[in-house]
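Trainee: Sequence first, then the predicted structure:
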Amino acid sequence: MSVEPIAYLEWAKLRSQAKISLSRSGVPDLSLRDLPLALEVGELEISGRNPYGYEPLLEAIAHRYGVAVENVVLTQGASQAIFMVCAGLLEPGDRVVVEKPAYEPLLSCPRFFHAEIMRLERRFENNFLVDLDDYRRLLAQGAKLIILTNLHNPTGVFLNREQIKALVAEAEKAGAYLFIDEIYLEFMSDELSRSAFGLSDRVIVASSLTKVYGLGGLRCGWILASPEVAQKMRQLTDYLVVEGVFIGEVIAARLFPYLDQLRQKNRGWLEANQQLVRNFITAEPKLSWVEPAGGVVCFPRLEAGRSGDEFSQRLRLEAEVSVVPGSFFELREHFRLGYAVSSAQLATALEAIHSLLQKW
């Protein structure tokens with residue numbers, strides 16, 4: 001079996017490093033010292049019973065979403081969730097609709113299972129929203145699965161409740177599953193961050209503790225699905241990891257009561273940083289954007305057809321500032337900029353971007 005590399009993840013792991021990294025798409029990672037609860041080594045065990053997940057963690061996730069434990073499948077991060085959804089649902093030749101621009105694993109995973117990919121264009125001119133007519137046209141071609149992100153990666157665009165309901169209704173009519181990666185959704189306010197899960201048995205969602213909470217080292221992700229679909233994906237655990245990391249699941253379970261506190265702690269400085277970026281792009285004639293509704297990334301476009309890949313490379317080499325080349329999201333005239341860094345670092349990085357644009 002041929003295994004194609006996921007180019008973006010290889011780049012992010014091995015070639016994105018810089019003095020100031022604006023390539024990350026989540027808040028900074030927390031250390032043990034930063035956690036809002038005291039963890040004594042003596043009270044933690046390396047091993048314990050977690051056959052398909054540590055029960056208190058499964059219960060904590062279910063409680064947060066108001067669902068049954070039977071709806072919850074634990075994963076090692078949301079990227080593994082994408083793989084498991086595709087593995088659990090797809091046969092070779094099945095038709096899958098994937099948004100464009102897209103986070104690369106959303107494409108790589110269904111391709112790995114030899115699905116036929118159809119693209120749902122989310123266009124700059126339409127504020128990167130989903131065109132319902134395009135969506136219906138693709139469903140009519142026999143799609144089994146639709147894959148979207150909300151907030152959209154890489155743009156930060158938000159699909160509101162009514163827009164999501166319209167997409168769910170069309171998927172139900174067509175007998176397709178709608179899978180939404182919601183890993184960025186809790187950057188939104190409580191009112192706006194309601195999950196799409198529960199709108200239909202055809203809806204599957206995934207999320208994790210990584211992007212919003214800075215707890216990526218725990219590798220705590222999950223899928224929410226109907227009990228029947230969830231059971232299919234739960235069985236994949238025995239093929240992939242057998243069991244999760246017990247001590248990590250215990251720590252994650254203990255942190256769930258503090259998630260809202262962690263989210264609130266980050267809100268003020270993230271809003272201030274978004275304002276810095278907003279002011280910068282508004283004043284910069286060589287850049288345009290669709291302003292993100294929330295989150296910590298945006299997807300500026302270079303004017304006059306200039307290459308975001310070349311710009312990203314020069315910015316890293318000349319100013320030691322890293323942003324994500326747009327080709328990783330299939331739009332070469334763009335780059336993805338993350339702003340979950342200190343305000344001082346962000347100001348320095350934006351000045352470096354301005355300086356390069358002036359002479360480029």
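Mentor: Thanks, I have it.
Trainee: can you give me the helices in the protein?
Mentor: In the chain, the helices defined using DSSP state H lie at 7-14, 55-65, 78-89, 104-112, 132-139, 161-174, 227-235, 237-240, 246-255, 259-283, 308-319, 343-359.
Trainee: What is the neighbour count of Ala7?
Mentor: Residues near Ala7, counting by other CB atoms under 10 Å, number 13. From N, CA and C alone the C-beta is placed, and that goes for glycine too.
Trainee: Check Leu178 too.
Mentor: 25.
Trainee: ok, now Val341?
Mentor: Residues lying near Val341 (other CB under 10 Å) number 20.
Trainee: Run through the residues that contact it.
Mentor: Contacts for Val341 (CB atoms under 8 Å, 6 or more residues apart in numbering) come out as 20-22, 24, 28, 273, 349.
Trainee: Can you tell me which of the helices of the chain is most buried?
Mentor: helix 78-89 (a mean of 24; mean count of other CB atoms under 10 Å).
Trainee: my read: Ser355 touches Ala319, true?
Mentor: Yes: judged on CB atoms under 8 Å, Ser355 makes contact with Ala319 at a distance of 7.3 Å.
Trainee: on that earlier part again, may I see the helices of the chain organised as JSON lines, with mean pLDDT and distance to Arg95 added?
Mentor: What follows is the helices of the chain, written out as JSON lines (pLDDT from 0 to 100; distance: least, CB to CB, whole Å):
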{"stretch": "helix 7-14", "mean pLDDT": "96", "distance to Arg95": "24"}
{"stretch": "helix 55-65", "mean pLDDT": "98", "distance to Arg95": "29"}
{"stretch": "helix 78-89", "mean pLDDT": "97", "distance to Arg95": "12"}
{"stretch": "helix 104-112", "mean pLDDT": "97", "distance to Arg95": "9"}
{"stretch": "helix 132-139", "mean pLDDT": "98", "distance to Arg95": "8"}
{"stretch": "helix 161-174", "mean pLDDT": "98", "distance to Arg95": "11"}
{"stretch": "helix 227-235", "mean pLDDT": "97", "distance to Arg95": "18"}
{"stretch": "helix 237-240", "mean pLDDT": "96", "distance to Arg95": "24"}
{"stretch": "helix 246-255", "mean pLDDT": "96", "distance to Arg95": "36"}
{"stretch": "helix 259-283", "mean pLDDT": "96", "distance to Arg95": "37"}
{"stretch": "helix 308-319", "mean pLDDT": "97", "distance to Arg95": "30"}
{"stretch": "helix 343-359", "mean pLDDT": "97", "distance to Arg95": "40"}
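Trainee: Would you reformat these as TSV and include distance to Glu333?
Mentor: Formatted as TSV, these follow (distance: least, CB to CB, whole Å):
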stretch	distance to Glu333
helix 7-14	17
helix 55-65	38
helix 78-89	26
helix 104-112	18
helix 132-139	21
helix 161-174	26
helix 227-235	37
helix 237-240	37
helix 246-255	40
helix 259-283	15
helix 308-319	6
helix 343-359	14
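Trainee: For this protein, list the residue farthest from the centre, please.
Mentor: What lies farthest from the middle of the chain is Gly42; by CA atoms, centre = their mean that is 34.8 Å.
Trainee: measure that one to Ile251 for me?
Mentor: Look at Gly42 and Ile251: by CB to CB, to the nearest Å, they are 14 Å apart.
Trainee: So what's the predicted local confidence for the residue farthest from the centre of the chain?
Mentor: Gly42 is assigned 76 on the pLDDT scale.
Trainee: ok, back up a step: Ile147: which of the helices of the chain is closest?
Mentor: Nearest to Ile147, of all the helices of the chain, is helix 104-112, at 5.1 Å by CB to CB.
Trainee: tell me which strands and helices that closest one is in contact with?
Mentor: Helix 104-112 makes packing contacts with helix 7-14, helix 78-89, strand 95-100, strand 116-121, strand 143-149 when contacts are defined by 3 or more CB pairs under 8 Å, 6 or more residues apart in numbering; DSSP states H and E.
Trainee: Compare these and give me the one nearest Val241.
Mentor: Closest to Val241 of these is helix 78-89 (CB to CB; 8.4 Å).
Trainee: which strands and helices sit next to that closest one?
Mentor: strand 72-75, helix 104-112, strand 143-149, strand 177-181, strand 203-208, strand 221-224, helix 227-235.
Trainee: let's go with 7 Å and repeat that
Mentor: For helix 78-89, the contact count by 3 or more CB pairs under 7 Å, 6 or more residues apart in numbering; DSSP states H and E identifies helix 104-112, strand 177-181, strand 203-208, strand 221-224, helix 227-235 as packing neighbours.
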